[in-house]
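>>> let's see this in three dimensions:
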Amino acid sequence: MLNYRHLYYFWIVAKEGGFARAADRLDMAIQTISAQVRELEKSLGHQLLKPAGRGVALTEAGQVAFARAELIFQIGQALPQDVSSAATKPTIRLSVGLSDGISKLAAHSLLGPVLDTPDLRLTCHEGEFDQLLGELALHRLDLVLAGQGAPANPNLRLVSDLLVSSAVDWYGPAKWVRRLQAQAFPAVLATLPVLLPTGHSVLRTTLDRWFDDQGLRPNVVGEFEDSALMAVFAAGGLGVFPISRLGGENTSSLRRLRLLGRCDAVQEEIYAIRNRRGEHHPLVQRILSAALHPATPSQ
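Residues are numbered from 1 along each chain as shown. As a prediction, the model looks like this:
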């Protein structure tokens, strides 16, 4: 087991740049601190500090150890406040994984029904599909939103639901979207600067097939993993871009953007994947219910 007291002394020496200044800060003898750091180096099997003038500097191994120590002790410093907050104010925690390539604006809309939950502590992780499924299987996530369902694997005990299949619309800034361009959609995509999702996205594969069906070679000037970031660059004038109609309902993100054309032939699918043992999370159930059984607008 790593001796965290030894690691702490090393961390202070590295931050102070020498044993003498570390000894003053800790109100300890230099020899004591030096001995503790040598014990750490011995246990790790590598020299962490080297002489540098009147102080010390980090070796390459020391730089790695120092970076990890920074994380460890920053977490330790935050621990008392986190514990106090948890004890005095109960929170409802929801950890959601967002697969690379899905529309983050659409994901925001799908999570909308729980965002006003009192004392909500929402954590969103973005990552590769397989990585997120592994986290879900280990119960580190409550829900994964992805462009595909989980593969059949009885060992993972995962359940997938198709939450939404949303048509795609194209938007762009006023400098690129005028009446003539809108009338010439989709052929105009061969001449306008086009922003697209990266190859991580299932939607990109669908769009590429649609381009082939239309006989189009789009003028691609940018590729983005994050649909919200793509909208920001489009609003700044970089080009026109596709967005799930569900994500486009968030009109606040589309200020300064105009509708270029609708593309009902292209659909973005988003699945909710959950672990069977954790499928009774009340907020997960609320998200699923809102998406699968939307309320009928009152007349």
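
>>> so where is the stretch 151-299 of the chain shaky, pLDDT-wise?
Using pLDDT under 70 as the threshold, the predicted model of the stretch 151-299 of the chain has low-confidence ranges 154, 248-255, 277-278, 295-299.

>>> go again using 80 as the cut-off
Screening the stretch 151-299 of the chain residue by residue with the criterion pLDDT under 80, one finds the ranges 153-156, 179-182, 200, 247-256, 276-279, 294-299.

>>> just the strands in it please.
With DSSP state E, counting those that start in this stretch as the definition, the stretch 151-299 of the chain shows strands at residue ranges 158-173, 193-197, 219-224, 241-244, 257-275.

>>> nearest to Leu145, out of those?
With Cβ to Cβ, the closest approach to Leu145 among the strands of the stretch 151-299 of the chain belongs to strand 257-275: 5.7 Å. Placement of C-beta: from N, CA and C, glycine included.

>>> give me the sheet partners of that closest one and which way each runs.
Take DSSP bridges as the rule and strand 257-275 pairs in its sheet with strand 143-146 (antiparallel), strand 158-173 (antiparallel).

>>> so which strand or helix has the residue nearest the centre of the chain?
When the chain is reduced to its mean C-alpha position, the closest residue under Cα atoms, centre = their mean turns out to be Glu126, at 2.8 Å. Using DSSP states H and E, the secondary-structure element containing Glu126 is strand 120-127.

>>> what pairs with that strand, parallel or antiparallel?
With DSSP bridges as the test, strand 120-127 is paired with strand 92-99 (parallel).

>>> dump the helix or strand just after the strand it pairs with to CSV, restricted to CA.
Scanning forward in sequence from strand 92-99, with DSSP H and E defining helices and strands, the next element found is helix 104-111. What follows is helix 104-111, C-alpha atoms only, in CSV (Å, rounded to 0.1, in the frame of the first residue of the first chain):
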residue,chain,number,x,y,z
LYS,A,104,-25.9,17.1,-27.1
LEU,A,105,-28.7,19.6,-27.8
ALA,A,106,-31.1,16.6,-28.3
ALA,A,107,-29.7,15.0,-25.1
HIS,A,108,-30.4,18.2,-23.2
SER,A,109,-34.0,18.0,-24.4
LEU,A,110,-34.3,14.4,-23.3
LEU,A,111,-33.0,15.2,-19.9
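
>>> list of residues touching helix 104-111?
Helix 104-111 is touched from outside by 96, 98, 122, 145, 163-164, 166, 226-228, 231, 243-244, 246-250, 253, 268, 270, 272, 287, 290-291, with contacts defined as Cβ atoms under 8 Å, 6 or more residues apart in numbering.

>>> show the average pLDDT along that helix.
Helix 104-111 comes out with an average pLDDT of 87.

>>> the inter-axis angle of that helix versus strand 120-127?
Between helix 104-111 and strand 120-127, the angle comes out at 140 degrees (axes from the mean of the first three to the mean of the last three Cα atoms, to 10 degrees).

>>> ok, Gln63 - how many residues close by?
In terms of burial, Gln63 registers 13 neighbours under the definition other Cβ atoms under 10 Å.

>>> could you do Asn153 as well?
Asn153: 10 neighbours (other Cβ under 10 Å).

>>> now swap in Arg140 and tell me
Arg140 has 14 neighbouring residues, counting by other Cβ under 10 Å.

>>> quick revisit: may I have the strand holding Glu126 as PDB, with CA atoms only?
Presented in PDB, the C-alpha positions along strand 120-127 are these (Å, rounded to 0.1, in the frame of the first residue of the first chain):
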ATOM      1  CA  LEU A 120     -30.500  17.400  -8.200                       C
ATOM      2  CA  ARG A 121     -26.800  16.600  -8.600                       C
ATOM      3  CA  LEU A 122     -26.400  15.800 -12.300                       C
ATOM      4  CA  THR A 123     -23.200  14.400 -13.600                       C
ATOM      5  CA  CYS A 124     -22.700  14.000 -17.400                       C
ATOM      6  CA  HIS A 125     -19.800  12.000 -18.800                       C
ATOM      7  CA  GLU A 126     -19.000  12.000 -22.500                       C
ATOM      8  CA  GLY A 127     -17.000   9.100 -23.900                       C
END
